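Asks: mind looking at a prediction? Sequence and model below.
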Amino acid sequence: MKKYSIQSVWIGPSGCGKTHILSAAEKDSFIKSKIQPTIGIDSYTFDTELQGQKAMMRTWDMSGQPRYRSVCSTFMRQAYIIVICFDLSVKDSFEDWNDWYKWAVKYCPDDALFFMLGCQTKEYVEMEAPQAAYEANQLNMDFYHVKCDNLESIRFFMNNIILKSMEKNIQSDNLEITEVSYRSCPCM
C-alpha cells in the first residue's frame, strides 16, 4: 500500500511553540533540554495511520525572524498545508497573524489548506481562543488550540490536518519518502 504524503509549512513569530510541537510530534515525546530558536528553516516528519492508510507529513518549520522569509518562500511553493501559529500565552504573538497569512498566500499553491494554531506554551493564557477562532473563520481556516506540553493534543492536531488534506485529495507528488519510525496515534 502506498503511503499518503503531504508537505506542510509552519509559520509564525519566534518563540510561539512551533519547534516544540513539531519536535514532540516527530519523536512522540518531549525534549528535556531547552529548544533553541529555529534559524532559517528546519524539517520534521510525522508518521501515522489514518482510516487504515499510512500517512506521512513532512513539515518545514520556518524561523519567525523576518530576515529569513526570502529563503523560506521557496518551501512555500511546494506546501499544501500552511499552519499559522501564535502563542496563546503571549497576546502580542497574535497581532501579526494576518501579515503571516498574506505573505503565505503570495507563495503557496492555490489549493493549499490553511490552519490557525494557538499554541499554549504556559499554564495561563493572555489571548482568548474565541477571538482567534473568529479571525480564522473569516478566512475559511480551521482554528485549533494545542497545549505544547500535551502529546495527545499535539497528535490530535497533526492527525486532523492530515485527514483534512486526505479529504480534499491533496498530495505532494514529488516528495521523497524515507522510511522512518512508524507510530500509530490512538487518539482519533
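Replies: The structure has been received and is ready for your questions. Numbering: from 1, shown residues only.

Asks: report the mean per-residue pLDDT for the lengthiest helix in the chain.
Replies: Using DSSP state H, we find that the single longest helix of the chain is helix 151-167. Throughout helix 151-167, pLDDT has a mean value of 91.

Asks: then stretch 22-41?
Replies: Averaging pLDDT along stretch 22-41 yields 73.

Asks: next, the distance between the ends of it.
Replies: With Cα to Cα, to the nearest Å as the measure, stretch 22-41 spans 13 Å from end to end.

Asks: can you check stretch 49-66 too?
Replies: 35 Å.

Asks: may I see the buried residues of stretch 115-122?
Replies: Residues 115, 116, 117, 118, 119, 120, 121 are the ones in stretch 115-122 that count as buried (16 or more other Cβ atoms under 10 Å). No exception for glycine: its C-beta is placed from N, CA and C like everyone else's.

Asks: give me the contacts around that stretch.
Replies: 10, 12, 15-18, 20-21, 81-90, 97, 127, 129, 132-133, 135-136, 141-148, 157, 161, 164 (Cβ atoms under 8 Å, 6 or more residues apart in numbering).

Asks: restricting to C-alpha, output that stretch in CSV.
Replies: The C-alpha coordinates for stretch 115-122 follow below in CSV (Å, rounded to 0.1, in the frame of the first residue of the first chain):
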residue,chain,number,x,y,z
PHE,A,115,-4.9,26.3,9.6
MET,A,116,-4.5,28.7,12.5
LEU,A,117,-2.9,27.2,15.6
GLY,A,118,-3.0,28.7,19.0
CYS,A,119,-0.1,27.2,20.9
GLN,A,120,-0.4,27.3,24.7
THR,A,121,3.2,27.4,25.9
LYS,A,122,2.4,28.3,29.5
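
Asks: strands of this protein, start to end?
Replies: With DSSP state E as the criterion, the chain has strands at 4-11, 41-50, 53-62, 81-87, 113-120, 142-147.

Asks: let me have the ones you listed in CSV, extended by distance to residue 104.
Replies: Shown next, in CSV, are those (distance: least, Cβ to Cβ, whole Å):
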stretch, distance to residue 104
strand 4-11, 6
strand 41-50, 14
strand 53-62, 10
strand 81-87, 5
strand 113-120, 7
strand 142-147, 15
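
Asks: what count of nearby residues applies to the residue nearest to residue 133 when sequence neighbours are not counted?
Replies: Distance criterion Cβ to Cβ, 6 or more residues apart in numbering; nearest residue to residue 133, sequence neighbours excluded, is residue 143 at 4.1 Å. Around residue 143 sit 18 other residues, with neighbours defined as other Cβ atoms under 10 Å.

Asks: repeat for residue 51
Replies: The number of residues packed near residue 51 is 10, by other Cβ under 10 Å.

Asks: give me the low-pLDDT residue ranges for the protein?
Replies: For the chain, applying pLDDT under 70 flags the ranges 1, 30-35, 37, 39-40, 67-72, 170-188.

Asks: hmm, residue 41 and residue 62 touching each other?
Replies: Yes: judged on Cβ atoms under 8 Å, residue 62 makes contact with residue 41 at a distance of 5.3 Å.
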